[in-house]
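*Asks:* got a sequence here, can you build the structure:
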Amino acid sequence: MSVESTGGVPANSDPVGADIDAPAQTPASPLKGMFGITGTGDVSGFGGLVRRQPDVVGSPKPYGSYFDEVTDALEEAYPGFADAIEKVVVDRGELTLHIAPERIAEVCQIMRDDEALRFELCSSVDAVDYLGSDSRRFHVSYQLTSMTYRRRVRLEAAVAEGVALPSVTAVYPTADWQEREVYDMFGVVFTGHPNLTRILMPDDWEGHPQRKDYPLGGVPVEYKGAEIPPPDQRRVYQ
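*Replies:* Purely as a prediction, here's the structure:
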């Protein structure tokens, strides 16, 4: 075995800890310079960001863990399963059921009440704005927990701008303020909500701050004699 004269490392050796069977890495994202940094020293995270292709098909059965039991129980209890469930995705040990938007409240009712499911708690309702990705821009996710069986599942419903979702507050009262926050930040309307008003921003605020096309804006901040300019004047976003 030959040895490099410069480092004393065998010429045909792999880096320490390298996985020779690992697949080649996806090319990193070209996005960089979030804070106006060029060349080296990019601390934005864009430099090493790997963009994963969206799963448009779903995961094949068997899913593993308790996921098959959950989906089988839902299919047995819900006659509209085939029309309501767009796809099932298992990723990183988590189960996500993609639901047709108009069926989200019906599915939540079954998930809570069926004896084999018993997802009694909706711990979170949140959203993501996939601006420019497809016609269904806003993806709203519901984190459900079964305290009876100690299981978790995520429901996800995607809607286009201007398309409303049925509120699930009648099934999960905890969704009341959470749906209000999604409405406030993203502008997603929940039909049937008892009091769909802003919860974080003032009532007369224009726009929805967590939309990807919302302007940065801001006001100068004074701190110990120094003035910090608004975000849109101090950072370069690409």
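*Asks:* burial measure for the residue nearest to residue 57 when sequence neighbours are not counted, as a count.
*Replies:* The shortest distance from residue 57 to any residue other than its chain neighbours is 6.8 Å, reached at residue 87 (C-beta to C-beta, 6 or more residues apart in numbering). All C-beta atoms are positioned from the backbone trio N, CA, C, and that covers glycine. Neighbour count of residue 87, defined by other C-beta atoms under 10 Å: 14.
*Asks:* check the secondary structure at residue 87 for me.
*Replies:* Secondary structure for residue 87, judged by DSSP: H, G, I helix; E, B strand; the rest coil, is strand.
*Asks:* ok, residue 181 next?
*Replies:* Applying three-state DSSP: residue 181 is helix.
*Asks:* any idea of the pLDDT on it?
*Replies:* Note on residue 181: pLDDT of 98.
*Asks:* quick one: it and residue 171, what's the gap?
*Replies:* 18 Å (C-beta to C-beta, to the nearest Å).
*Asks:* which of those two has more neighbours?
*Replies:* residue 171 (22 against 16).
*Asks:* run a quick neighbour tally on the nearest residue to the more buried one once chain neighbours are set aside.
*Replies:* Among residues not flanking residue 171 along the chain, residue 108 sits closest, at 4.5 Å (C-beta to C-beta, 6+ apart). Taking other C-beta under 10 Å as the neighbour definition, residue 108 ends up with a count of 22.
*Asks:* from residue 62, how far off is residue 108?
*Replies:* Residue 108 sits 25 Å away from residue 62, taking C-beta to C-beta as the criterion.
*Asks:* next: residue 177.
*Replies:* Taken as C-beta to C-beta, the span from residue 177 to residue 62 is 38 Å.
*Asks:* ok, these two, which is more surrounded?
*Replies:* Each of residue 177 and residue 62 has its neighbours counted (other C-beta under 10 Å); residue 177 has more, 14 against 9.
*Asks:* pull the contacting residues for the closest residue to residue 89 other than its chain neighbours.
*Replies:* Excluding the flanking residues, the one nearest residue 89 by C-beta to C-beta, 6+ apart is residue 96, at 4.6 Å. By C-beta atoms under 8 Å, 6 or more residues apart in numbering, the contact set of residue 96 is 88-90, 141, 153-156.
*Asks:* show me what residue 96 is bridged to.
*Replies:* residue 89, residue 154 (DSSP bridges).
*Asks:* just the pLDDT for it.
*Replies:* Note on residue 96: pLDDT of 97.
*Asks:* strands of this structure, residue ranges please.
*Replies:* Under the criterion DSSP state E, strands of the chain are mapped to 85-91, 94-99, 121-129, 138-146, 151-159, 165-166, 190-191, 221-223, 226-228.
*Asks:* nearest to residue 211, out of the ones you listed?
*Replies:* Closest to residue 211 of the strands of the chain, according to C-beta to C-beta: strand 121-129, at 5.2 Å.
*Asks:* residues in contact with that closest one: which ones?
*Replies:* Contacts of strand 121-129 from elsewhere in the structure, counted by C-beta under 8 Å, 6+ apart, are 108, 137-147, 168, 171-172, 174-175, 178-179, 181-182, 185-186, 188, 210-212.
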